[in-house]
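>>> how does the following fold in three dimensions:
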Amino acid sequence: MSSTSNINTDPIVERGHLLTEQINPNSQNLDQLSSLELVDLFNQEDAQTIAAICAARTQLAQAIDRTAEALRHGGRLFYVGAGTSGRLGVLDAAECPPTFCTPAELVQGIIAGGAGALVRSSEDLEDKFEDGAEALAHRHITKLDVVVGITAGGTTPFVHGAVKAARMRGATTILIACVPAEQVSIEADLDIRLLVGPEVIAGSTRLKAGTVTKMALNILSTGVMVQLGKVYGNRMVDVAVTNTKLHDRALRILQDLTGLTRQDAAYVLEHSGRSVKLALLMHWTGVEQEKGKRLLVEHQGNLRQAVLSYQKRE
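Presented below is the predicted three-dimensional model:
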């Protein structure tokens, strides 16, 4: 006789009403389309991501302002998610150190299932509310920090647990979801809804929902880094010179902003300890490396402010 002792008899919550689970009328004949028709359909549907970002522009701007302010005062930024949402958060966090020379702990991604879930599906782990809370406890979240919960369908227990735990610890909380607030409500300081409509393949939120989430995270982290002085004009002057591509980019930034030859730019870069920002400050003001470092610290790493301050003094 077969045993049923391991069968989960808990009722399954109906989620068909969620925007991310609904059937897209534009793709009901998806399996009958030619490859070109399929590409055209995706292009048509992906256009909705731009509109969704535009509709959430005010909330995204508020998220940038609040996160930048928190990081100025010693806080950290955490992304929390499961599946595609978690992977996108980890990706955005991982790209901050090489792009903006931030310490690895400043922006962190937390995914249900840990590092293994980045390359292997672990979707069952998103159902544990307590794991989300525990993940934050391990990172000693405080009122200085910002926690961004990412859940396309809005129902992920792992994210709910993390956001609730963050609120209890006094952290600033931000929610990013792709369903209307009236369908799923999560208590957070900022509520960002990216409404792109039903997916081309019903429920496959790695598609439009994933695309619009990546766009939102790009805007959030980049906006924060701009406010923190990691950019001069539109140049990544805090780029980490860790490989030949980034070394070349550093030299080109110096050449473009100073008019130096490539050879002279290379000399200035090396003389600054391979810091583009410091090299520019040294070149424009004539200060030595140590004084330049102190000037940047004095102005919280903002190159433009450091240069203007020095010019006013002289």
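>>> once you drop chain neighbours, what's closest to Met215?
Once flanking residues are discounted, Met215 sits nearest to Ile53: 5.5 Å by Cβ to Cβ, 6 or more residues apart in numbering. Where C-beta positions appear, they are placed from N, C-alpha and C, glycine not excepted.
>>> quick one: the helix or strand hosting that neighbour to chain centroid distance?
Assigned by DSSP states H and E, Ile53 falls within helix 35-55. Offset of helix 35-55 from its chain centre (Cα atoms, centre = their mean, to the nearest Å): 22 Å.
>>> now do the buried residues in that helix.
41, 45, 48-49, 52-53 (16 or more other Cβ atoms under 10 Å).
>>> of those residues, which is the nearest to Gly116?
Thr49 (29.2 Å; Cβ to Cβ).
>>> what does the pLDDT read for the residue nearest in space to the middle of the chain?
Centroid-nearest residue in the chain: Leu217, 3.6 Å away (criterion: Cα atoms, centre = their mean). In this model, Leu217 is scored at 98, pLDDT.
>>> spit out the contact partners of it.
79, 88-89, 92, 150, 176 (Cβ atoms under 8 Å, 6 or more residues apart in numbering).
>>> mean confidence for the strand or helix carrying Phe78?
Secondary structure from DSSP H and E places Phe78 in strand 77-81. Mean pLDDT, strand 77-81: 97.
>>> same deal with stretch 270-290?
95.
>>> ok, residues contacting that stretch?
232, 237-239, 241, 250, 253-254, 257-258, 260, 268-269, 292-293, 295-296, 301, 303, 306-307, 310-311.
>>> report the buried residues of that stretch.
Neighbour-count burial for stretch 270-290 [16+ other Cβ under 10 Å]: 272, 274-285, 287.
>>> among those residues, give me the pair with the biggest separation.
Arg274 and Thr285 (18.6 Å).
>>> Gln48 reaches Lys208, doesn't it?
Yes - with contact defined as Cβ atoms under 8 Å, Gln48 reaches Lys208; the gap is 6.3 Å.
>>> between the two, what contacts are shared?
The contact sets of Gln48 and Lys208 overlap at 196-197 (Cβ under 8 Å, 6+ apart).
>>> SS state for Arg120?
coil (DSSP: H, G, I helix; E, B strand; the rest coil).
>>> use 531 as the first number for this chain going forward.
Noted, 531 is the first residue going forward, which turns the last one into Arg650.
>>> for it, give me its contacts.
Counting by Cβ under 8 Å, 6+ apart, Arg650 has no contacts.
>>> so where do the strands sit in the stretch 631-780 of the chain?
637-641, 676-680, 702-707, 720-723 (DSSP state E, counting those that start in this stretch).
>>> quick check: buried residues in the second one?
Counting neighbours by 16+ other Cβ under 10 Å, one finds that the buried residues in strand 676-680 are 676-680.
>>> got a markdown table for the residues you listed, with pLDDT too?
Output for the buried residues of strand 676-680, formatted as a markdown table (pLDDT from 0 to 100):
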| residue | pLDDT |
| --- | --- |
| Val676 | 98 |
| Val677 | 98 |
| Val678 | 98 |
| Gly679 | 98 |
| Ile680 | 98 |
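>>> show me what whichever helix or strand Val837 is part of is packed against.
Assigned by DSSP H and E, Val837 belongs to helix 833-843. If you count contacts as 3 or more Cβ pairs under 8 Å, 6 or more residues apart in numbering; DSSP states H and E, helix 833-843 packs onto helix 806-815, helix 819-828.
>>> what about 6 Å?
Secondary-structure packing of helix 833-843 (3 or more Cβ pairs under 6 Å, 6 or more residues apart in numbering; DSSP states H and E): helix 806-815.
>>> so what's the gap between the helix it packs on and the chain middle?
29 Å.
>>> what does stretch 591-608 give?
Distance, centroid of stretch 591-608 to centroid of chain: 12 Å (Cα atoms, centre = their mean).
>>> cool, stretch 765-778 as well?
Using Cα atoms, centre = their mean, the offset of stretch 765-778 from its chain centre is 20 Å.
>>> still on that earlier bit, need the max-distance pair from the contacts of Leu747.
Asp622 and Ile706 (11.2 Å).
>>> so between those two, which is more surrounded?
For Asp622 versus Ile706, neighbours defined as other Cβ atoms under 10 Å are more numerous around Ile706 (32 against 23).
>>> next up, the contacts around that one.
Counting by Cβ atoms under 6 Å, 6 or more residues apart in numbering, Ile706 touches 680, 722, 746.
>>> from Gly616, how far out is the first one?
Computed with Cβ to Cβ, to the nearest Å, the distance linking Ile680 and Gly616 is 7 Å.
>>> please apply the same query to the second one.
Per Cβ to Cβ, Ile722 is found 17 Å from Gly616.
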